[in-house]
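Q: what's the 3D shape of this:
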Amino acid sequence: GDLLMRSTLDEWAANFPDKFKIHYILSDSWSSDWKYSTGFVDKALFSEYLYEAGDDVYSLMCGPPIMLEKGCRPNLESLGHKKDKIFSF
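A: Next up, the predicted model:
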């Protein structure tokens, strides 16, 4: 499926590598050349690919509500990310 704003996000990651990190996660239907994560989100995945929690770190995500509510938010919070720095749409 389509990834929301992918070309813009990829451009930001290329232009601002010290300030912006992107990591895509697909739950199903990925091609054999997919270089990002697949399956379910978990704490280990976030710990490996995302910035550590901090006052200047924001987490932005989109996806199915069940993934955001049961996977993303709880795992980010368990890694120390504050609720007011986590955004989903």
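
Q: for the longest helix that the chain contains, packing partners?
A: Taking DSSP state H as the criterion, the chain has its longest helix at helix 6-15. Here helix 6-15 touches no other helix or strand, going by 3 or more Cβ pairs under 8 Å, 6 or more residues apart in numbering; DSSP states H and E. Glycine gets a C-beta too; all of them are placed from N, C-alpha and C.

Q: following it, which helix or strand shows up next?
A: strand 25-26 (DSSP states H and E).

Q: quick one: strands adjacent to that next one?
A: strand 37-38 (parallel) (DSSP bridges).

Q: now do the helix or strand following the strand it pairs with, average pLDDT.
A: Once the chain leaves strand 37-38, the next helix or strand it forms, by DSSP H and E, is helix 43-49. For helix 43-49, mean pLDDT rounds to 95.

Q: would you mark the buried spots in helix 43-49?
A: 45-46 (16 or more other Cβ atoms under 10 Å).

Q: and that helix, what does it pack onto?
A: So helix 43-49, by 3+ Cβ pairs under 8 Å, 6+ apart, packs with helix 73-78.

Q: now the helix it packs on - C-alpha only, PDB.
A: Once non-C-alpha atoms are left out, helix 73-78 reads as follows in PDB (Å, rounded to 0.1, in the frame of the first residue of the first chain):
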ATOM      1  CA  ARG A  73       2.300   4.300  22.100                       C
ATOM      2  CA  PRO A  74       2.900   1.700  24.900                       C
ATOM      3  CA  ASN A  75       6.300   0.700  23.600                       C
ATOM      4  CA  LEU A  76       7.400   4.400  23.100                       C
ATOM      5  CA  GLU A  77       6.200   5.200  26.600                       C
ATOM      6  CA  SER A  78       8.100   2.200  28.100                       C
END
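
Q: fine by me, thanks again.
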